[in-house]
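Asker: Any chance you can model this:
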Amino acid sequence: MVSMKKVKGSIAILGSGETSPNLVSVHRKLLNRLSEDVSASLIDTPFGFQENADQLVEKLIEFYDVSLNTDIKLASYRTKKDFKSVEYFEFTKIIQGSNFIFSGPGSPSYASKNWIDTDVPEIFKEKLINGSSLVFASAAASTLGIRTIPVYEIYKVGIDPYWENGTLSAAMMSVYLNDLSGDKNAQKTALSYFDLAEKQSNGLNASIYVTLAENYAVSKQDKKLFIELLDKAINIDINKDKSLKQSNKLSQSRAKWLKSRVDDLFYM
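Answerer: Numbers count the residues shown, from 1 in each chain. Modelled structure (predicted):
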């Protein structure tokens, strides 16, 4: 039977003013919750397109140094052009080695576009499950839902309002499915995130079906639901959404493997 993991980490979702004196206590609380020595990282993706990006990095590093007596290391990933480059792997290495992650000001839509279909959402999820502290503020906070608002495009360029895809709805579904903290609403919340993720992808994201099958249907010993979910994943046409093509290939491979183990996962 697939084992379930308890969510050990913490996440703070802040609005603007993340470096104001009033919010220092929030950062400090999440730093103090860590059971190991702090290894902090600052992700610059949301403001990576801005001309003053280097100045913002300096300001945020100084904030953690002066206000929190904490050294925070820059994890830089400013454009998707660097995806799978040496710089990208250095970026993921830094955040994978951190137990405290901060990301904040900039553009929500820019951050989402650069994080979607990378390792970033999965790293965030694993960090949260395994005991790290995450602080998302301003633009970064706006990427956590099913949709995010393209602030710069609307208010600075003047285009008509619309919604961009969020980054972590599918990942948050997995987090709540793995929550054994005693939260009676955890599974209900997870299913809500599943519904949102399914709508967001128009039913073309195979990973959400595999996750629900593996982490929900198995725990409920619902073999019929398990097979239905895996069949949905396997039958998705991976050419309908090119942005999901690679991840769908991987998810479909896992779905087929899970189906081959159905007798091991279900007692009846």
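
Asker: And Asp117, what's its pLDDT?
Answerer: At Asp117, the model reports a pLDDT of 81.

Asker: Quick check, it in contact with Ser243.
Answerer: Yes - using Cβ atoms under 8 Å, Asp117 is in contact with Ser243, at 5.6 Å. Quick note: C-beta positions are derived from backbone N, CA and C, even for glycine.

Asker: Those two - which one has more neighbours?
Answerer: Set Asp117 next to Ser243 and count neighbours by other Cβ atoms under 10 Å: Asp117 wins out with 17 against 14.

Asker: quick one, what contacts the more buried one?
Answerer: 243-244, 246-247 (Cβ atoms under 8 Å, 6 or more residues apart in numbering).

Asker: go with 7 Å
Answerer: The contact partners of Asp117, by Cβ atoms under 7 Å, 6 or more residues apart in numbering, come to 243, 247.

Asker: tell me the SS of it?
Answerer: Here Asp117 is recorded as coil under DSSP: H, G, I helix; E, B strand; the rest coil.

Asker: Now it: phi and psi?
Answerer: The phi/psi pair for Asp117 (degrees, to the nearest 10) reads phi 60, psi 30.

Asker: got it, and Ile72?
Answerer: Dihedral angles for Ile72 - degrees, to the nearest 10 - are phi -120, psi 130.

Asker: does it really touch Ile43, like I thought?
Answerer: No - with contacts counted by Cβ atoms under 7 Å, Ile72 stays clear of Ile43, the gap being 10.4 Å.

Asker: per-domain residue ranges of this structure.
Answerer: Annotated domains of the chain cover 10-167, 170-265 [automatic domain parsing].

Asker: where exactly do the strands run in the stretch 1-150 of the chain?
Answerer: Counting by DSSP state E, counting those that start in this stretch, the stretch 1-150 of the chain has strands at residues 10-14, 40-43, 72-75, 100-103, 133-137, 147-148.

Asker: now for those, which one comes closest to Asp237?
Answerer: Among the strands of the stretch 1-150 of the chain, strand 147-148 comes nearest to Asp237, with 24.1 Å by Cβ to Cβ.

Asker: any idea of the mean pLDDT for the closest one?
Answerer: Rounded mean pLDDT across strand 147-148 is 66.
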